[in-house]
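**Q** What follows is a predicted structure for the sequence shown.
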Amino acid sequence: MSIKESRSISFIIITIIYVIAFAIGLLVYQGLASTNWHHFWQLFVADVAATVVVWFFGLLFRNVSVYDPYWSVFPPVAFLFWAFHTQTWSVPVILLLMASWYWGWRLTRNWAITFKGLGHEDWRYTQYRSLHPVLFHLLNLFGLNLMPTIVVFGAMLPGLKMFEWGFTFQDVFGLCNEGIYTLLATTLQLCIGFIVCIAAATLQLVADKQIHDFRAANPGQYCQVGLWKHGRHPNYFGEIMFWWGIWLMYFVLGGIDWFICGPIAMTLLFVCVSVPLMEKRQLQNKPGYAEYRERTRMFL
């Protein structure tokens, strides 16, 4: 058995790749500390640097799926790093960390369950490789690696912004001076955003189990039980819902500003790219899917 065919060795290799990527990202961030760049830009460049490292190893192993865990690993790690870096442990930040780590655990767990080793590449990437052989390497770097990184970072910005104003005891006393109702309303809205995040990740966790159990018992068929009976893509819906939950937590004290572009971009990514790609494949490979598509909503 080759190294790429060994699932356990592939796990070790992926872990080493990500340790290297985050180490490079940290070095880049520290190298930009002496500049006049806004700290968000510094973190973004570090994020891009780490992505390029993962992309390079994807080229090395001829497998774009090396990037797949990045989506779920970077946000919770970045939020935790930012908490230590800024020494901000306010109520919103603690709730943000709890929500992001729960979400990241769920998504990374699902990746680990479905991971077959470095010898297996996601069908989407294989399709792009065969359809666009000349432009594939450019598509790989900018479309399959950097574009998701940019969208996720944009969706993270409301969470990162929360570190600046926080919700410390001083803020609580200030709200108390304004009135107990203001304090209760602010706390309630913050909790609603947190609950949306937890509910979204839990919905995805349930959807994961349902589709894994169904596929094990009914290979080659499309799942139409549980949550999948009421929506064609409950997992995608949960992902969109999570990032709107992050924005709702920010909205409590930040209001509506350009940071809303993050969850909007995330929504468009799934509605305009991920869902059409998946449904095109399902229509081609799963008999009866067209009828299921007609009677079932896209999301819940």
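**A** Cool, the structure landed.

**Q** Output the below-cut-off pLDDT ranges for the protein.
**A** The chain contains residues with pLDDT under 70 at 1-2, 165-183.

**Q** which helix of it spans the most residues?
**A** Once the chain is assigned using DSSP state H, the helix that runs over the most residues is helix 180-217.

**Q** Now do the SS call for residue 119.
**A** coil (DSSP: H, G, I helix; E, B strand; the rest coil).

**Q** Contact partners for it?
**A** Residues counted as contacts of residue 119 (Cβ atoms under 8 Å, 6 or more residues apart in numbering) are 2, 4, 5, 10, 63. The way it works is simple: take the backbone N, C-alpha and C, and place the C-beta from them, glycine included.

**Q** With residue 100 instead?
**A** Residue 100 neighbours (Cβ under 8 Å, 6+ apart): 75, 76, 79, 159, 197, 246.

**Q** same deal with residue 64?
**A** Counting by Cβ under 8 Å, 6+ apart, residue 64 touches 58, 121, 122, 125, 129, 140, 144, 145.

**Q** And those residues, which of them are buried?
**A** 58, 121, 125, 129, 140, 144, 145 (16 or more other Cβ atoms under 10 Å).

**Q** Return the set of buried residues in the helix or strand hosting the fourth one.
**A** In this case it means residue 129. Assigned by DSSP states H and E, residue 129 belongs to helix 123-131. Residues 124, 125, 128, 129 are the ones in helix 123-131 that count as buried (16+ other Cβ under 10 Å).

**Q** Quick check: the gap between the last one and residue 68.
**A** Going from residue 129 to residue 68 by Cβ to Cβ, to the nearest Å gives 15 Å.

**Q** Residue 249: neighbouring residues, count only.
**A** 27 (other Cβ atoms under 10 Å).

**Q** should've said residue 97
**A** Around residue 97 there are 17 other residues, counting by other Cβ under 10 Å.

**Q** between the buried residues of helix 123-131, which is closest to residue 252?
**A** Closest approach between these and residue 252, by Cβ to Cβ: residue 124, at 36.8 Å.

**Q** Report the contact partners of the closest one.
**A** Per Cβ under 8 Å, 6+ apart, neighbours of residue 124: residue 277.

**Q** any chance you could map the helices in the stretch 201-300 of the chain?
**A** For the stretch 201-300 of the chain, the helices defined by DSSP state H, counting those that start in this stretch occupy 227-230, 234-254, 261-269, 275-285, 289-295.

**Q** In a markdown table, list those helices along with distance to residue 91.
**A** Below are the helices of the stretch 201-300 of the chain laid out as a markdown table (distance: least, Cβ to Cβ, whole Å):
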| stretch | distance to residue 91 |
| --- | --- |
| helix 227-230 | 31 |
| helix 234-254 | 10 |
| helix 261-269 | 21 |
| helix 275-285 | 35 |
| helix 289-295 | 43 |
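
**Q** Go through those and name the closest to residue 192.
**A** With Cβ to Cβ as the measure, helix 234-254 is the member of the helices of the stretch 201-300 of the chain nearest residue 192 (6.3 Å).

**Q** Quick one: work out the angle between that closest one and helix 275-285.
**A** Calculated by axes from the mean of the first three to the mean of the last three Cα atoms, to 10 degrees, helix 234-254 forms an angle of 170 degrees with helix 275-285.

**Q** elements contacting helix 234-254?
**A** For helix 234-254, the packing partners by 3 or more Cβ pairs under 8 Å, 6 or more residues apart in numbering; DSSP states H and E come out as helix 91-114, helix 147-165, helix 180-217, helix 261-269.

**Q** Apply 10 Å and report the result again.
**A** helix 70-86, helix 91-114, helix 147-165, helix 180-217, helix 227-230, helix 261-269, helix 275-285 (3 or more Cβ pairs under 10 Å, 6 or more residues apart in numbering; DSSP states H and E).

**Q** on that earlier part again, and of the contacts of residue 64, the nearest to residue 105?
**A** residue 122 (21.0 Å).

**Q** So that closest one is in contact with residue 274, correct?
**A** No: Residue 122 is beyond contact range of residue 274, at 11.9 Å (criterion: Cβ atoms under 10 Å).

**Q** gap between the longest helix of the chain and the chain center?
**A** 15 Å (Cα atoms, centre = their mean, to the nearest Å).
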